[in-house]
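In: This is a predicted model, with the sequence first.
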Amino acid sequence: MPQQVRDALGQVGHRIFGGYASLLRMPHTARFAVGSVIASMPFPMVGMTITISVQHYYGSYSLAGALTAVQAISLALVSPILGKLIDKFGQRQVSIPTVVVWMVAAAALITSITSHAPAWVLYCITPFMAAIPPWGAMSRSRWTNILRGDRKATDQALSLSGVFDEAMWVIGNPLASILAVISGVLAFSFTGVCVLVGAWMFLSIATTEPPSQTSLAKAQGITRKEYRARQAARAAELQGQEGQSAFWSSGMIAVCVTWFGLGAFQSAASISIISFATEQGMKQMTGFVFACFSLSSLIGALLYGAKSWTIPLWKRFYFCLLVVNLGIGTFLFARNLWTIMLIYLVIGICQAPTWINGNQLMLHLVPPARFTEGMAWLSAMNSIGSSAGSAIAGQFIDRYGSQGGFGVVTALALTSLAIAFVGFRQIRDSTEKPILTELKA
């Protein structure tokens, strides 16, 4: 290979990866960033493991699907509560007992499944599988705390978190299916080891942990309630929304509703693709199709975070949203699985940037002492939307086949986009306000 080509490739590599490498060379950052991903393995693995294990021991897809839905809904309800508690009392104080609850619940659930316990026992245990600390939100909270005042580095750190998230899903889904087919006990055991190792890596580094509301209030000699009121008043003043909630501002509501719609049509697309592939005798290729989307999204996250953007955030947000929504909406017109895969490869480039833009919006929308809670609400709204989208699409697939499901996907994608533009003014205006996470605690 000519020297000029090697030099050019080196420059491109440095431009893409140099900023990420600098972030991970900062003291302790690589440890908590990687630890959060390892500890988050239950997110891609638990649902798949429950589905395969229950179907194997009980021979019922209906029970498997119902338990997976219970776990997903419980997770959506519990995540904001955990996020709020973490902001109030601290990451370690809340995460450690939460991990203990999850480990006990996981052991009880797999024991019940392999023992062929009555279904009602499984329904009682499964909600406790939602006791998963919001590792991704806590990692982003650490980044914003460490890099406060450095806008470029903060944006790159959020992109890096998106890269790690995509890598987790690319690895977690196929790994769960392989291990669960071998043994449900093996799959749950592996996931439990990941939780313990990741939690230890993340929580053992106290120097990067952002201060809790309790510690900040104590340092100022006031109560936590007084501290929250002061910060809320300051945030509302900067947003020009005196008299309104600093947390549930109009911009925050608009973003959360948009994320609900995003989860709805994307989950509807997933179940419709499985039905479409089954009809074409290509069910074994569905994993490959989803992997292409995740890989494309991962590449998009890498490239997006490598550039210092001068285009306003709200314009980037709506452009990526348009590409993803309209792209998935065209599945209705696909005649084979390869067309869907190609569409996924193209629009996947904008999938992770859409989430990164949402993370960056949160910097403008919530005070620093409530950032984890804000991120947890985004994930919760997306999860609730996913449950709703799957349920609606499933009904139409049962009646009209995959084309009925894709019709729902198109309708939900266009509706989601319309809802996002209803909140256009609120989202645009929020990006023109100061970054609240840079408020002095």
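Out: Here it is on my side, so go on. Remember, it's a predicted structure, so these values are computed and weren't measured experimentally.

In: Can you tell me the closest non-neighbouring residue to residue 160?
Out: Sequence neighbours aside, residue 20 is the residue nearest to residue 160 in space, at 5.2 Å (criterion: CB to CB, 6 or more residues apart in numbering). (C-beta placed from N, C-alpha, C; glycine too.)

In: Quick check, that neighbour in contact with residue 161.
Out: No - in terms of CB atoms under 8 Å, residue 20 does not count as a neighbour of residue 161; the distance is 10.6 Å.

In: Between those two, tell me which one has more neighbours.
Out: residue 161 (25 against 18; other CB atoms under 10 Å).

In: in what helix or strand does the more buried one lie?
Out: helix 151-182 (DSSP states H and E).

In: same thing with residue 54?
Out: helix 42-58.

In: quick one on the thing from earlier: tell me what angle whichever helix or strand comes after the helix holding residue 161 forms with helix 151-182.
Out: Following helix 151-182 in sequence order, the next helix or strand is helix 184-203 (DSSP H and E). Calculated by axes from the mean of the first three to the mean of the last three CA atoms, to 10 degrees, helix 184-203 forms an angle of 160 degrees with helix 151-182.

In: Against which helices or strands is helix 184-203 packed?
Out: helix 29-39, helix 42-58, helix 91-114, helix 135-146, helix 151-182 (3 or more CB pairs under 8 Å, 6 or more residues apart in numbering; DSSP states H and E).

In: so residue 89 touches residue 212, yeah?
Out: Yes - counting by CB under 8 Å, residue 212 is a contact partner of residue 89 at 5.5 Å.

In: who's more crowded, these two?
Out: residue 212 (22 against 15).

In: phi, psi of the more buried one?
Out: phi -80, psi 170 (degrees, to the nearest 10).

In: between the helix holding residue 54 and helix 151-182, how big is the angle?
Out: Using the same axes, to 10 degrees: helix 42-58 against helix 151-182 is 10 degrees.

In: Work out the gap between the helix or strand following helix 42-58 and the centre of the chain.
Out: Next along the chain after helix 42-58, taking DSSP H and E as the criterion, comes helix 61-89. What separates the centre of helix 61-89 from the centre of its chain is 13 Å, taken as CA atoms, centre = their mean, to the nearest Å.

In: So which other helices or strands are in contact with helix 61-89?
Out: helix 42-58, helix 91-114, helix 119-125, helix 213-220, helix 371-400.

In: Now do the same for it: mean pLDDT, whole number.
Out: Helix 61-89 shows a mean pLDDT of 84.

In: before we move on, what about stretch 25-40?
Out: Rounded mean pLDDT across stretch 25-40 is 92.

In: So for that stretch, what gets flagged as buried?
Out: 29, 31-40 (16 or more other CB atoms under 10 Å).

In: again, but for stretch 263-283
Out: Neighbour count says stretch 263-283 has 263-277 buried, by 16+ other CB under 10 Å.

In: list the contacts for residue 292?
Out: 341, 344-345, 348 (CB atoms under 8 Å, 6 or more residues apart in numbering).

In: Tell me both backbone torsions, phi and psi, for it.
Out: Torsion angles, degrees, to the nearest 10, at residue 292: phi -60, psi -40.

In: what about residue 97, how many neighbours?
Out: 12.

In: Show me what the strand or helix carrying residue 319 is packed up against.
Out: Assessed by DSSP H and E, residue 319 sits inside helix 313-329. If contacts are counted by 3+ CB pairs under 8 Å, 6+ apart, helix 313-329 sits against helix 250-279, helix 337-347, helix 351-365, helix 402-422, helix 424-431.

In: Could you rerun that using 10 Å?
Out: On a contact count with 3 or more CB pairs under 10 Å, 6 or more residues apart in numbering; DSSP states H and E, helix 313-329 meets helix 250-279, helix 286-306, helix 337-347, helix 351-365, helix 402-422, helix 424-431.

In: Brilliant, that's me finished.
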